[in-house]
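> 3D, please:
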Amino acid sequence: MTFKDYFKKEDEKGLLSMESLTLIYMLFTTVLIACYWKRLPDSTGMMITRLCMLVGIGVLYGLYRWHPCRALRILRIVPPMLGLISWYPETYDFCSQLPYLDHVFAQIDQNLFGCQPALEFSKIVTSTFWSEAFNMGYYAYFYMMATTIVFYQLCRYPQADRAGFIFLGSFFIYYVIYEFLPVAGPQYYFLAIGTENAASGVFPDVGYYFQTHTEMLTPEPKGVFSQLVQWAHEAGERPTAAFPSSHVGMSTVTMMLAWQTKNKWLFWLMMPLYLLLCAATVYIQAHYLIDSIAGFFSAILFFWITSKLYKVYRLYSPLSFL
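Below is the predicted model of the structure:
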């Protein structure tokens with residue numbers, strides 16, 4: 001396909017599935033904002049974010065209707081993808097209105113494994129090589145997802161809308177879970193209760209502690225990738241979204257989508273990063289081991305659910321015929 005082909009007019013009507021899902025998620029969370037209005041730190045700002053997203057989707061949709069072509073259709077996935085960055089911190093704003101449950105999940109790890117894997121893993125594997133390898137995998141998370149979605153848009157265009165629905169739909173299922181299931185993760189909880197208590201199997205209930213405390217464990221970086229991960233956490237991490245692990249879950253969804261492209265290079269080149277990423281979630285103390293296990297199995301379930309829902313969406317959604 002030549003560059004000019006991307007600007008040839010096409011006859012594709014309706015919202016992209018990613019646009020439709022974004023609008024639905026925005027509506028759902030707008031109701032949550034209304035319910036929590038006086039308790040949220042910046043309710044007005046959250047509504048402005050939604051207005052900006054609505055304008056962005058509307059402008060790009062209008063441009064596409066003016067000159068419907070593949071290039072503009074591909075460009076329309078940008079706001080929904082960027083929106084994921086905005087919606088993630090909001091899961092903290094919502095879930096912090098409820099008492100945190102880290103003591104429950106830390107106890108599950110203790111009962112299942114006889115220790116806290118999030119503490120022991122980094123003690124057993126101490127070399128700079130493996131620290132950098134795990135952090136490289138963890139840092140590759142967004143790049144793996146973006147690469148797969150872009151690959152569909154450029155090389156598997158007829159299947160791109162379905163892939164986008166499965167991808168974004170799975171992400172939003174995780175976000176909704178996080179908004180009602182407050183689990184901060186070891187890097188926050190172990191600092192709050194003390195690593196000595198965690199190592200001894202003492203897990204006090206901290207209640208609403210993380211509503212006002214966002215300090216986290218910050219191990220000394222051992223190299224470039226561990227420093228990059230630390231900077232990323234300092235910039236956007238919050239005490240939220242620990243169970244189930246969306247890093248494991250969404251990277252698993254990504255790998256399943258990559259497999260369905262039937263492009264062996266895409267799948268197998270990402271496989272080492274995927275395995276390192278899954279291990280890294282526990283190694284860098286972002287998740288309890290039970291979080292990562294649940295992330296893997298929930299990904300399979302969410303992939304199946306969103307695949308089925310896409311068929312219903314194509315048949316009955318009024319948004320697909322605008």
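
> Now do the same contact list for the closest residue in space to Arg70 that isn't next to it in sequence.
Nearest non-adjacent residue to Arg70, counting by C-beta to C-beta, 6 or more residues apart in numbering: Tyr6, 4.8 Å away. All C-beta spots, glycine's among them, are computed from the backbone N, C-alpha and C. Contact analysis of Tyr6 by C-beta atoms under 8 Å, 6 or more residues apart in numbering lists 69-71, 74.

> Please report which of these has the highest neighbour count.
Arg70 (20 neighbours; other C-beta atoms under 10 Å).

> That one contacts Lys9, correct?
No: counting by C-beta atoms under 8 Å, Lys9 is not a contact partner of Arg70; they are 9.6 Å apart.

> who touches stretch 116-133?
Contacts of stretch 116-133 with the rest of the structure, by C-beta under 8 Å, 6+ apart, involve 106, 109-110, 134, 186, 190, 195, 198-199, 219, 222-226, 276, 279, 282-285, 287-289.

> Now, of these, which are buried?
Neighbour counting over the contacts of stretch 116-133 (16 or more other C-beta atoms under 10 Å) leaves 106, 109-110, 134, 186, 190, 198, 222, 225-226, 276, 279, 282-285, 287-289 as the buried ones.

> How many residues are close by Ser127?
When counting by other C-beta under 10 Å, one arrives at 9 neighbours for Ser127.

> Then Pro158?
Neighbours around Pro158, by other C-beta under 10 Å: 7.

> what about it, distance to Leu315?
18 Å (C-beta to C-beta, to the nearest Å).

> Past the helix or strand encompassing Ser131, which element shows up next along the chain?
According to DSSP states H and E, Ser131 maps onto helix 128-139. For helix 128-139, the following helix or strand on the C-terminal side (DSSP H and E) is helix 141-155.

> Outside of that next one itself, which residues are in contact with it?
By C-beta under 8 Å, 6+ apart, the residues outside helix 141-155 that reach it are 74, 77, 81, 159-160, 163-164, 167, 247, 250-251, 254, 257-258, 261, 263, 266, 270, 273-274, 277.

> quick one, the helix or strand of the chain with the lowest mean pLDDT and helix 141-155 angle?
None of the helices or strands of the chain scores lower by mean pLDDT, DSSP states H and E than helix 224-236, at a mean of 90. Using axes from the mean of the first three to the mean of the last three C-alpha atoms, to 10 degrees, one finds that helix 224-236 and helix 141-155 are set 90 degrees apart in direction.

> need the helices for the stretch 1-150 of the chain, in chain order.
Using DSSP state H, counting those that start in this stretch, the helices assigned to the stretch 1-150 of the chain run over residues 17-36, 43-66, 70-75, 78-95, 102-113, 117-124, 128-139, 141-155.

> Give me the helices and strands touching the helix or strand just after the last one, please.
It stands for helix 141-155. Counting by DSSP H and E, the next helix or strand C-terminal to helix 141-155 is helix 157-180. Other elements packing on helix 157-180 under the criterion 3 or more C-beta pairs under 8 Å, 6 or more residues apart in numbering; DSSP states H and E are helix 17-36, helix 78-95, helix 141-155, helix 246-260, helix 289-316.

> and the ones you listed, which is most packed in?
helix 246-260 (a mean of 23; mean count of other C-beta atoms under 10 Å).

> What mean pLDDT does that one get?
Average pLDDT, helix 246-260: 98.

> so what secondary structure elements neighbour that helix?
Judged by 3+ C-beta pairs under 8 Å, 6+ apart, the packing partners of helix 246-260 are helix 141-155, helix 157-180, helix 264-283, helix 289-316.
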